[in-house]
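**Q** please work out how this folds:
(one chain, ligands or ions: 2)
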Amino acid sequence: MLTGCDVTNNETVDKVLWSMSRWNDRAQATLFSPDKLAVEYPESAIANPFPFNAYYTEDEIRTVDGTSYKLELGGLIRDARSWTLPELYALPQVSQVTRHICVEGWSAIGKWSGTPFRAFLERIGADTTAKYVGFKCADDYFTSIDMATALHPQTLLAFRFADRILPPKYGFPMKLRVPTKLGFKNPKHIAAITVTNTYPGGYWEDQGYNWFSGS
Ligand SMILES: Nc1nc2c(c(=O)[nH]1)N[C@H]1C(S)=C(S)[C@@H](COP(=O)(O)O)O[C@H]1N2
Ligand SMILES: [Mo]
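**A** Ligands and ions are numbered 1, 2, ... in the order given. Here you go, the predicted model:
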């Protein structure tokens, strides 16, 4: 359809592509089954070392101070008080061994442990009929997911990687582990969570990566 167009710097083509991507979001949301599980692997399949990725290189990894850390909550949440790390660590924990797939063309199996995000959303009185959950990160990264994915049984607020407190490179003090989505929709160093009906976008999403990006 676009062959022959000068695709650099053409506003009309850009608009068509963005609207195709929005259409693609809706199609993926319709096809998404809330109960279909991502494949889980044996612990022997875990990659070691596990790759690091971010919009910067390893020498710029953010260090978050765990003692003063507070997770901020906002938007359509009944009990929006902030949470300290010891309070978060006291939540019920589960583990998963799943494959992380990066849009840049690599994938790796890892083990993450944390609290099911659905249980956390229910605990804080989040309006689970809202459209989006947005994440702001300590390194200024941000992203957002649809509510159906936020409530998926394998979506975890993860505090551990390979049975150890999440190291800085993998997102201390916590990341959202979403095995049904591409890697860039798995925010590390989460500082704030918002429940909203206003499209929050994301760091890569705003630069053209498809927003839904189910894997
Ligand atoms: N805060 C934050 N989260 C982020 C990113 C980032 O740059 N900052 N990069 C994303 C991308 S593109 C990938 S592939 C994964 C990499 O996670 P890993 O370092 O644990 O492999 O983190 C995602 N979450
Ligand atoms: Mo990625």
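
**Q** which residues of this structure fall in helices?
**A** 11-31, 85-89, 117-123, 147-150 (DSSP state H).

**Q** nearest to residue 159, out of the ones you listed?
**A** Ranking the helices of the chain by distance to residue 159, with Cβ to Cβ as the measure, places helix 85-89 first at 6.2 Å. (Each C-beta comes from the backbone N, C-alpha and C, glycine too.)

**Q** list the contacts of that closest one.
**A** 66-67, 69, 71, 115, 157, 159, 173-174 (Cβ atoms under 8 Å, 6 or more residues apart in numbering).

**Q** okay, how far is it across stretch 151-168, tip to tip?
**A** Using Cα to Cα, to the nearest Å, the end-to-end distance of stretch 151-168 comes out at 26 Å.

**Q** now do stretch 188-203
**A** 13 Å.

**Q** and for stretch 176-183?
**A** Start-to-end span of stretch 176-183 (Cα to Cα) is 10 Å.

**Q** and stretch 70-87, by the same measure?
**A** End-to-end for stretch 70-87, by Cα to Cα: 10 Å.

**Q** what of stretch 174-187?
**A** Using Cα to Cα, the end-to-end distance of stretch 174-187 comes to 9 Å.

**Q** out of the contacts of helix 85-89, which comes closest to ligand 1?
**A** residue 174 (10.6 Å; Cβ to the nearest ligand atom).

**Q** quick revisit: hey, least reliable of the helices of the chain by pLDDT?
**A** Of all these, the minimum mean pLDDT falls on helix 11-31 (a mean of 92).

**Q** point to the residue nearest the middle of the protein.
**A** residue 186 (2.7 Å; Cα atoms, centre = their mean).

**Q** which residues touch the nearest residue to it once chain neighbours are set aside?
**A** Counting by Cβ to Cβ, 6 or more residues apart in numbering, residue 186 lies nearest to residue 178, which is 5.3 Å off, once chain neighbours are set aside. With contacts defined as Cβ under 8 Å, 6+ apart, residue 178 is in contact with 145, 149, 152, 154-155, 185-186.

**Q** columns distance to residue 86 on top of the residues you listed, output as JSON lines?
**A** What follows is these, written out as JSON lines (distance: Cβ to Cβ, whole Å):
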{"residue": "145", "distance to residue 86": "27"}
{"residue": "149", "distance to residue 86": "28"}
{"residue": "152", "distance to residue 86": "27"}
{"residue": "154", "distance to residue 86": "25"}
{"residue": "155", "distance to residue 86": "23"}
{"residue": "185", "distance to residue 86": "28"}
{"residue": "186", "distance to residue 86": "24"}
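
**Q** that concludes my questions; thank you for your assistance.
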